[in-house]
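S.K.: sequence below, structure please.
(2 chains)
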2 protein chains.
Amino acid sequence: MASSIFTHCHSSPSSTTAFFLRRRHPVHVGPTSLRFFSIPSSPPSSHLLSLAASATEASAKVIDGKSVAKQIREEIAAEVSRMREAVGVIPGLAVILVGDRKDSATYVRNKKKACESVGINSLEVNLPEDSTEEEVLNYISSYNDDPLVHGILVQLPLPSHMNEQNVLNAVTIEKDVDGFHPLNIGRLAMRGREPLFVPCTPKGCIELLRRYGVSIKGKRAVVIGRSNIVGTPAALLLQREDATVSVVHSRTSNPEEIIRQADIIISAVGQPNMVRGSWIKPGAVIIDVGINPVDDPSSSRGYKLVGDVCYEEAIKVASAVTPVPGGVGPMTIAMLLQNTLNSAKRIHSFE
Amino acid sequence: MASSIFTHCHSSPSSTTAFFLRRRHPVHVGPTSLRFFSIPSSPPSSHLLSLAASATEASAKVIDGKSVAKQIREEIAAEVSRMREAVGVIPGLAVILVGDRKDSATYVRNKKKACESVGINSLEVNLPEDSTEEEVLNYISSYNDDPLVHGILVQLPLPSHMNEQNVLNAVTIEKDVDGFHPLNIGRLAMRGREPLFVPCTPKGCIELLRRYGVSIKGKRAVVIGRSNIVGTPAALLLQREDATVSVVHSRTSNPEEIIRQADIIISAVGQPNMVRGSWIKPGAVIIDVGINPVDDPSSSRGYKLVGDVCYEEAIKVASAVTPVPGGVGPMTIAMLLQNTLNSAKRIHSFE
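M.R.: All right, here's what the predicted structure looks like:
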């Protein structure tokens, strides 16, 4: 849990910069970090492009990821239904959970509920903590061959006695709905190549920009963080959309200066409130992937969740901002469902 | 052949910017564009890090790629000899040439000569222009299985009736000495993963920086161009070395402004003299991958070769610059030989 100095963006920009630069390994914020994810229950906005108004002093639009994700899930449910009726195929997602981490169990339960809500079959295997790597590989192998399974997801982190890279590489690329296979990342990086799957969180970031009508072509974009699951694929996606992309990371000597040039910021470092209002170019669009718990004595839980970007300051400078929670978080699981649907469509040549 | 206005960097920055932005598809400058490559015949400098002094009014050091490449080839020759004596294995490179393009024939001849000069076996197959894709695939398949072959190179461009992607994908990743396989590019992009091969031209750029003692970590680097064979892998390599990387391309609205922030510039767009002195931060290091023929009535050939960067202007502002020719060009083939040697070492577990 981060220090409470971050709860209200109280720290000075210079001290947060120092904090950023001190970290050797930026926190990877991806599906496994999407703590306390819950399926949105509020009704969707009547029209997603009508940006929600926010607090009176704020100028930025709030990018309502919860509402967009809900709409996408409705679209997926309709497609799942159409496919089932037309060709009798129901998309299936298999999730492999090893061990008894509570957070992992919560994510898996949420994924299962999300699948059910759109009509996707979910298969789940829960292996004990002391399983062997071979046992996990056997399950992957059987799901690879199972015609009822169109997506395979290994919940991370795995127990430390397993080689994560070996396990992830065992998932056939045709069912790699996480999009983490190097072959998918390579195709994402290359002009004229198409990945089979795009990693869910960065795909969700771009989808938010798209649904809010933010044009990307020719824009300056800065990605903060270079993780395999968010930062790097986000940068590659933005470049595919013809943005001019800079990637800022823990070794960057002047992050504020570079971030201040951005028309679009995607932040995925897991540093609470690191990006201050003064780092933001007026009118920029901010996609905040960070979901960081910080001490909050006023909350009954004793903590609250904040993003990488100081929201109260950003909302006064930016033209649009994702909140935390309720921004990128809900999009990740929606994109997982979409990848699973698309996989079933591809395998069965259904259009 | 480009207009002669580029011969001496006469055009104004604004007009060259317009020229850059008008191009929809930046020219890909890679191995197949290394026109008129010849094996250096001059003796190597006694110490590569002693930078060659340049013209009196210039302040920049000239990065002598010809001399560095010669030294690397001597190192490779010594390793090839050590391996042959220790385990009786001679690295082998197979080159497949389809059709009778004169330029392609010249590159293949140069690669063959370069192999011979370091003791690498070179195998060559020259197929007629009207060969079928299947015939090419059959050759690739037999080289994939041939234990005497450690690297396979398909000379591009292929005749238009062939699918380049199919053909390149057929080369087994263990022998993909060009490093163009998406699996290699994906691993290059990902933290904690290692590509089997790094594409030769960008690898040569980084090697030049390394041998000239240019530190990359924490530096601002700008890559101009985003081709699969130079720009994109160069950006990924720089990021692996902890630079803060921005990629400028044909859709970038303010290339000069971004390029001016760079401590290290790698340009690979194939636009003669596009980068002007005024675009360069004083003290920057410039690696110019472009090899562009421009009209030159004073030359007996009627043209001369210039880079993407206006050399006469750059040399007054930068701290170090690669010349064209004699900069990156000679490095590409040296890296191809190195990849072939490394492949043989890996296949035979020789260290």
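
S.K.: with only the CA atoms kept, save the helix or strand harbouring residue A:334 in CSV.
M.R.: For residue A:334, the element it lies in under DSSP states H and E is helix A:329-347. Provided in CSV are the C-alpha atoms of helix A:329-347 (Å, rounded to 0.1, in the frame of the first residue of the first chain):
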residue,chain,number,x,y,z
GLY,A,329,-10.6,-1.3,-15.6
PRO,A,330,-14.1,-2.4,-16.9
MET,A,331,-12.7,-2.3,-20.5
THR,A,332,-10.1,-5.0,-19.9
ILE,A,333,-12.7,-7.7,-19.3
ALA,A,334,-14.9,-6.5,-22.1
MET,A,335,-12.0,-6.8,-24.5
LEU,A,336,-11.3,-10.3,-23.2
LEU,A,337,-14.9,-11.3,-24.0
GLN,A,338,-14.5,-9.7,-27.4
ASN,A,339,-11.2,-11.6,-28.1
THR,A,340,-13.0,-14.8,-27.1
LEU,A,341,-15.9,-14.1,-29.4
ASN,A,342,-13.6,-13.1,-32.3
SER,A,343,-11.6,-16.3,-31.8
ALA,A,344,-14.7,-18.4,-32.0
LYS,A,345,-15.8,-16.5,-35.1
ARG,A,346,-12.4,-17.0,-36.7
ILE,A,347,-12.2,-20.7,-35.9
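
S.K.: around chain B, which positions in the stretch 151-300 of chain A sit nearby?
M.R.: Neighbours of chain B within the stretch 151-300 of chain A, by Cβ under 8 Å from any Cβ of the partner chain: A:165, A:181-193, A:217-218, A:220, A:226-228, A:232, A:236, A:239, A:242-249, A:251-254, A:258. To be clear about C-beta, it is placed using only N, CA and C from the backbone, and glycine gets the same treatment.

S.K.: give the PyMOL command for selecting the buried subset of the residues you listed.
M.R.: When burial is assessed using 16 or more other Cβ atoms under 10 Å in any protein chain shown, the buried subset of those is captured in PyMOL by this command:
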select buried, chain A and resi 181+182+183+184+185+186+187+188+189+190+218+220+226+227+228+232+236+239+242+243+244+245+246+247+248+249+251+252+258
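
S.K.: the helices in chain A, which residues?
M.R.: According to DSSP state H, chain A carries its helices in the segments A:13-22, A:65-87, A:102-118, A:133-145, A:164-170, A:182-189, A:200-211, A:231-240, A:255-259, A:311-317, A:329-347.

S.K.: need these in a markdown table (columns: mean pLDDT).
M.R.: Converted to a markdown table, the helices of chain A look like this (pLDDT from 0 to 100):
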| stretch | mean pLDDT |
| --- | --- |
| helix A:13-22 | 42 |
| helix A:65-87 | 98 |
| helix A:102-118 | 95 |
| helix A:133-145 | 98 |
| helix A:164-170 | 92 |
| helix A:182-189 | 96 |
| helix A:200-211 | 98 |
| helix A:231-240 | 98 |
| helix A:255-259 | 98 |
| helix A:311-317 | 97 |
| helix A:329-347 | 97 |
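
S.K.: pipe the ones you listed into a markdown table and attach distance to residue B:294 per row.
M.R.: Supplementary listing: the helices of chain A in a markdown table, determined by distance: least, Cβ to Cβ, whole Å:
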| stretch | distance to residue B:294 |
| --- | --- |
| helix A:13-22 | 45 |
| helix A:65-87 | 51 |
| helix A:102-118 | 58 |
| helix A:133-145 | 55 |
| helix A:164-170 | 48 |
| helix A:182-189 | 32 |
| helix A:200-211 | 40 |
| helix A:231-240 | 30 |
| helix A:255-259 | 35 |
| helix A:311-317 | 46 |
| helix A:329-347 | 48 |
